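> quick one: sequence plus predicted model below, questions after.
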Amino acid sequence: MPKLLINWVLNAIAFLITQRIVNYFLPGQFRIQDFVTALIAALLLGLINSTVRPVLKLLTFPLTILTLGLSSLAINVACLMFVASYVPGLQINGIVPAIAGSIVLSIVSTLIHWIFN
């Protein structure tokens, strides 16, 4: 149970770092209101990644092979946009910030979990 809470907080921190990085290149396009919003977004994205995303990856497996993995990025972007539409302090303005946010969030989250675990 404590490991789950630690991972949740680390994912929220990854959201905040992602906001800083994306806003450096695309000012005002990816906004998170505060740490509580980041916690809610991390929780919802974690739930989606553990329930809906595996089904989507299974259904789009042939397309993933044909596009050399690009459809996997599209699934990540769609999940992030879904989270942004339901969390009232997370704002993503357009597809380009969503793509950048998805890529940066994956990298930052991987690095943070690699460092702290």
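The structure has been received and is ready for your questions.

> show me where the protein has helices.
Along the chain, counting by DSSP state H, helices occupy 2-25, 35-59, 61-66, 70-86, 95-116.

> just checking, Q33 touches L90?
Yes - using CB atoms under 8 Å, Q33 is in contact with L90, at 7.4 Å. Where C-beta positions appear, they are placed from N, C-alpha and C, glycine not excepted.

> more crowded one of the two?
The residue with more neighbours, out of Q33 and L90, is L90; 23 against 15, by other CB atoms under 10 Å.

> list the buried residues of the helix-or-strand element of the chain with minimal mean pLDDT.
Using mean pLDDT, DSSP states H and E, helix 61-66 stands out as the lowest-scoring helix or strand of the chain, at a mean of 87. Neighbour counts using 16 or more other CB atoms under 10 Å place T64 of helix 61-66 among the buried residues.

> that one - contacts with which helices or strands?
helix 70-86 (3 or more CB pairs under 8 Å, 6 or more residues apart in numbering; DSSP states H and E).

> quick check: angle from the helix it packs on to helix 35-59?
Interaxial angle, helix 70-86 versus helix 35-59 (axes from the mean of the first three to the mean of the last three CA atoms, to 10 degrees): 140 degrees.

> got the angle between helix 70-86 and helix 95-116?
Using the same axes, to 10 degrees: helix 70-86 against helix 95-116 is 100 degrees.
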